[in-house]
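Engineer: I would like to see how this sequence folds:
(2 chains)
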Amino acid sequence: MDQFLQQLVNGLSLGSIYALVALGYTMVYGIIKLINFAHGDVYMIGAYTAYWVTTYFGLSFLPALLVCMVVCGLLGVLIERIAYKPLRKAPRITALITAIGVSYVIEYTTQFFMGTSVRTYPPLLPNQSWTFGPITITYLQFVIFSVTLVLCVLLTLIIQKTKIGRAMRAVSADENAAKLMGISVDNTISFTFFLGSALAGAAGILVGIYYNSATPLMGMVPGLKAFVAAVFGGIGSIPGAMVGGLFIGICETLVTAYGNSMYRDAIVYGILILVLIIRPAGLFGKAEKEKV
Amino acid sequence: MNFDVTKKSAAVFLSAAMLAGCSSAPADSSSDAADSNAGSETNTEQASGNKVSDTVKIGLNFELTGELSDYGIKELNGAKIAIKHFNEREDKPFTVEGVEIDDKGDTQESITAITRLVEQDGVVGVVGPATSGASIATYDFASQKATPVISPSATQVNAMMKADGTPYEYAWRVCFEDSVQGAGMAVYDYETLGAKKVVIFNANSDYGRGLADAFKTKFTELGGEIVDTVEFGAGDKDFSSYVTRIKSLDYDCIYIAGYYNESAQIVNQLKADGVSVPITGADGFDSADFRNQIGKDNANDIFYTTAYTSADPSDELKKFIDDYQAEYGEEPGMFAALSYDATNLLLSSLEATGEDGAALNKEIENANFSGITGSFTFDKDTHTPNKSILIVELVDGEQANTTEQKVD
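Structural biologist: Numbers count the residues shown, from 1 in each chain, chains lettered A, B, ... in the order given. This is a model prediction of the structure:
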């Protein structure tokens, strides 16, 4: 039992990261029905930005986090403007292929300039941990939980309570009707990319520090897992992405803890398939008819 | 039809060279070919090849992109230093040109790469790739085309062997085998570190499993006990669940069989959890990236097997280290050194025979090579050098206390 609780904490910290990245997938999909496969690489850029500002400018954790979020947010807007906007009226598959292309461009451009060597970080957070009965939580795990929690609350507030949030929901519901109501669809989509990518940037710095490493291809696997988390929770649904991320993180941890680690992905994806058979739109997704 | 002039003249030149090669071949270097037990299937002639021209191309097939590119790029650099040293010599018999190609650490890409090197670029031999899987993929093709491949670090057990138990005729390596590494570490753990109960972490790859099996066999044979074996996948980053899992166990040593990224994460997460027993591993630890990721504080009480150390360098090694540092701005590691040796083995054999193909291969087989990772001759049944392994300890992130470990 003691071990179980500790494994749950391990799973939560892993799942928080997946959730942060999954939010970006789900937001972009919600608004323009695009699976942005370059999202995992924005997260990688976040980790590299953190490396730069902490190593060369000596920033401490919080300022570095903000810089990463802004840099990644702007990168997301840039990607949208250059690669996706011209294709908004093209068939969906075209934009999807472009997204895969953008992903490779980011990965190998980074590799060209930064090399393949692993980058490591100066110590940013105290090497401390607290013990509550059977559970030990490290300072870093605590930071990951709290940053994720704060960002999720902020995001929900933005979407539910602000004007731009209402615009986002409107564009997501019906792009043309939103345009007729005087909403700037371009700006709203850009803003969505900004928010989603900023969250990926936050995940990037957290993971970079947590594992003390940044590599050009680090975004591939978490990007895929986060995408799965978003689908699992119901793509387009914000609470779904959070729950999906946490679920996959905890699931992976428990399978490796009590089962054979080699079956980890098989079991996690098996559960995913089951859930999708029972609820094709994902846990929190709304089943809606495709408009023809 | 538009047959351009350079191609045509090249073709004429080539066929002329082939004729010349055939007529002069039996005269030299091939006299001892008769006792060769390999080589009767694909090449029924005596060990002969074509005379090499003034400029010789050799293939450099490495993992230049992808997850394992740290190994591949270091090996490319090491090979380039060897070529540079050769071309700088005043008495060089020919000029060497290295043709670089990226196999991305993928077996399929690796076959494509060697096909291009041999068919299109006309290389006489290939150095690389760094990893076993990508290397093995090229051996069959290389043997068909009578083009020797020397892998600097394909340490996998039986990497050089075909299914029928004979070695690929044109495939060589300059490193020891994983089974020797695994067994060597087991002996060291048991006898020198006094460990009796070990937890093994191994990657779910041939490399990780080969090492773990060899370690397990030797360690239990000596009287030790394996308390738990944890298998992880390539690219895994979060090991906290494993660390929690072994927390309640009683063990006095850890053996990690994996590449640098995963190994570094395991070490960090174990140390963060307060594990203080010695952590031991294989040549996957031998990377600056490994030491950077674990940082100075964690880099104590860590031991690993390797083929190379920069402690007490010979003159040749010193020159290599200096030139490498001048060229690439960092210390060469084991992989660069092995690749330097592999390239030099190819070049010195080429120089000795002056021919490619079977003659070159024969020369490699009988080489009595002395390089910066040790001197060796080949075991002709396995195409693997007879080399002893080194065990290096990390003290505050620096390599220290190198010991030579014999395995019987």
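Engineer: show me which residues of the stretch 1-150 of chain B sit near chain A.
Structural biologist: Residues of the stretch 1-150 of chain B found near chain A (Cβ under 8 Å from any Cβ of the partner chain) are B:65-67, B:69-70, B:73. (Glycine included, C-beta is placed from N, CA and C.)
Engineer: just the helices in the stretch 51-200 of chain B please.
Structural biologist: Applying DSSP state H, counting those that start in this stretch to the stretch 51-200 of chain B gives helices spanning B:69-88, B:107-115, B:132-144, B:178-187.
Engineer: so which of the ones you listed gets nearest residue A:216?
Structural biologist: With Cβ to Cβ as the measure, helix B:69-88 is the member of these nearest residue A:216 (9.0 Å).
Engineer: report the buried residues of the closest one.
Structural biologist: B:69-83, B:85-86 (16 or more other Cβ atoms under 10 Å in any protein chain shown).
Engineer: from the chain's centre, how far out does it sit?
Structural biologist: 13 Å (Cα atoms, centre = their mean, to the nearest Å).
Engineer: could you export it as CSV, CA atoms only?
Structural biologist: Output in CSV follows, covering the C-alpha atoms of helix B:69-88 (Å, rounded to 0.1, in the frame of the first residue of the first chain):
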residue,chain,number,x,y,z
SER,B,69,23.8,10.2,-33.1
ASP,B,70,26.1,11.1,-30.3
TYR,B,71,27.9,7.8,-30.9
GLY,B,72,27.8,8.1,-34.7
ILE,B,73,29.1,11.7,-34.8
LYS,B,74,31.9,11.0,-32.4
GLU,B,75,32.9,8.0,-34.5
LEU,B,76,32.8,10.1,-37.7
ASN,B,77,35.1,12.6,-36.1
GLY,B,78,37.5,9.9,-35.0
ALA,B,79,37.6,8.4,-38.5
LYS,B,80,38.2,11.8,-40.0
ILE,B,81,41.2,12.4,-37.8
ALA,B,82,42.6,9.1,-38.9
ILE,B,83,42.1,10.0,-42.6
LYS,B,84,43.7,13.4,-41.9
HIS,B,85,46.7,11.8,-40.3
PHE,B,86,47.1,9.5,-43.2
ASN,B,87,46.8,12.2,-45.8
GLU,B,88,49.3,14.4,-43.9
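Engineer: element containing the nearest residue to residue B:298 once chain neighbours are set aside?
Structural biologist: Of all residues not flanking residue B:298 in the chain, residue B:271 sits nearest, at 4.6 Å (Cβ to Cβ, 6 or more residues apart in numbering or on different chains). Assessed by DSSP states H and E, residue B:271 sits inside helix B:260-272.
Engineer: would you mind checking the average pLDDT for that helix?
Structural biologist: Per-residue pLDDT over helix B:260-272 has a mean of 91.
Engineer: so for whatever residue of the stretch 1-150 of chain B ends up closest to chain A, what's the pLDDT?
Structural biologist: Among the residues of the stretch 1-150 of chain B, residue B:69 lies closest to chain A, at 4.1 Å counting by Cβ to the nearest Cβ. The model reports residue B:69 with a pLDDT of 84.
Engineer: quick check, it in contact with residue B:63.
Structural biologist: Yes - at 5.2 Å, residue B:69 counts as touching residue B:63 under the criterion of Cβ atoms under 8 Å.
Engineer: identify the contacts common to the two.
Structural biologist: Residues touching both residue B:69 and residue B:63 by Cβ atoms under 8 Å, 6 or more residues apart in numbering or on different chains: residue B:105.
Engineer: still on that earlier bit, helices or strands up against the helix holding residue B:271?
Structural biologist: helix B:240-245, strand B:253-257, strand B:279-281, helix B:288-298 (3 or more Cβ pairs under 8 Å, 6 or more residues apart in numbering or on different chains; DSSP states H and E).
Engineer: contacts for that helix, please.
Structural biologist: Contacts made with helix B:260-272 from outside it, assessed by Cβ under 8 Å, 6+ apart, are listed as A:118, A:127, A:138, A:211-213, A:215, B:67, B:70, B:201, B:203, B:232, B:234-240, B:242-243, B:254, B:256, B:258, B:279, B:281, B:284-285, B:287, B:289-290, B:293-295, B:298, B:302.
Engineer: which ChimeraX command selects the buried ones in the residues you listed?
Structural biologist: Applied in ChimeraX, the following selects the buried portion of these according to 16+ other Cβ under 10 Å:
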select /A:118,138,211,212,213,215 /B:67,70,201,203,232,234,236,237,238,239,240,242,243,254,256,258,279,281,284,285,287,289,290,293,294,295,298,302
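Engineer: report pLDDT for the most centrally placed residue in chain B.
Structural biologist: The centre of chain B sits closest to residue B:153, judged by Cα atoms, centre = their mean, with a distance of 1.1 Å. You'll see residue B:153 listed with a pLDDT of 91.
Engineer: contacts only, for it.
Structural biologist: Residue B:153 is in contact with B:71, B:75, B:130-131, B:173, B:175, B:283, B:334-335, B:338-339, counting by Cβ under 8 Å, 6+ apart.
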